[in-house]
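K.L.:
Quick check, what structure comes out for this input:
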Amino acid sequence: AAVATLVRALRAAGSGLGGRALRSAAPSVARRALSAEAEVSEDTKLRRRLLYRSQQRGWLELDLVMGEWASKNLEALSKDELREYSELLDEENPDLFKWFTGQLAAPESVKKNFAFRKIFEEVQSRMEAGNAQSMNATGAEWVRGWNDKK
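P.N.:
Model (predicted):
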């Protein structure tokens, strides 16, 4: 498929290759395309893997939180920070969710992780902003309708 795409691109660019010449050039074009793909740096591969793991956790809430954070921040992270973030991704989903939302205190080893602290701060700030909008007014009934008098 990749070779066919390259062949179409060569034809569209007016390379002058046709018939037999095009067929003989296709393998070399394919080899160049594969070697260019192989030249993708290890850092880029690691960042792609971490982004995928962040966006595909299996819990929608964590997919959104961690995937968004990763897409915004992975490119700027050093190798040590990427390693730390990878360690955070190794934690179990229920634990991460409870730690981020403050339902449970995170272990000290996790609290030391820079990525955990950043994501935790972001989740907490979003929760505070959302709570202000969703909380009932002081003294007001939370559920209406069951005790309304006509």
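K.L.:
contacting residues around Lys79?
P.N.:
Asp43 (C-beta atoms under 8 Å, 6 or more residues apart in numbering). (C-beta placed from N, C-alpha, C; glycine too.)
K.L.:
pLDDT at it, what is it?
P.N.:
pLDDT recorded at Lys79 is 95.
K.L.:
Next: the one 10 residues further on.
P.N.:
Reading off the per-residue confidence, Leu89 sits at a pLDDT of 98.
K.L.:
Isn't it up against Ser54?
P.N.:
Yes. Under the criterion of C-beta atoms under 8 Å, Leu89 makes contact with Ser54 at 6.7 Å.
K.L.:
Quick check: neighbours shared by the two?
P.N.:
With C-beta under 8 Å, 6+ apart as the test, Leu89 and Ser54 both reach Met66.
K.L.:
More neighbours: these two, which one.
P.N.:
Set Leu89 next to Ser54 and count neighbours by other C-beta atoms under 10 Å: Ser54 wins out with 25 against 17.
K.L.:
Isn't that one up against Lys72?
P.N.:
No. Applying C-beta under 8 Å, one finds Ser54 not in contact with Lys72, separated by 10.6 Å.
K.L.:
Regarding Phe44, which helix or strand does it belong to?
P.N.:
Residue 44: Thr, not Phe. helix 42-55 (DSSP states H and E).
K.L.:
again, but for Glu61
P.N.:
Going by DSSP H and E, Glu61 is part of helix 60-73.
K.L.:
And the contacts of that helix?
P.N.:
Contact with helix 60-73 is made by 50-51, 54-57, 85, 89, 93, 96-97, 100, 115, 118-119, 122-123, as judged by C-beta under 8 Å, 6+ apart.
K.L.:
Show the buried residues in those residues.
P.N.:
Leu50, Leu51, Ser54, Arg57, Tyr85, Leu89, Leu96, Phe97, Phe100, Ala115, Ile119, Val123 (16 or more other C-beta atoms under 10 Å).
K.L.:
mind listing which of the residues you listed are in helices?
P.N.:
Leu50, Leu51, Ser54, Tyr85, Leu89, Leu96, Phe97, Phe100, Ala115, Ile119, Val123 (DSSP state H).
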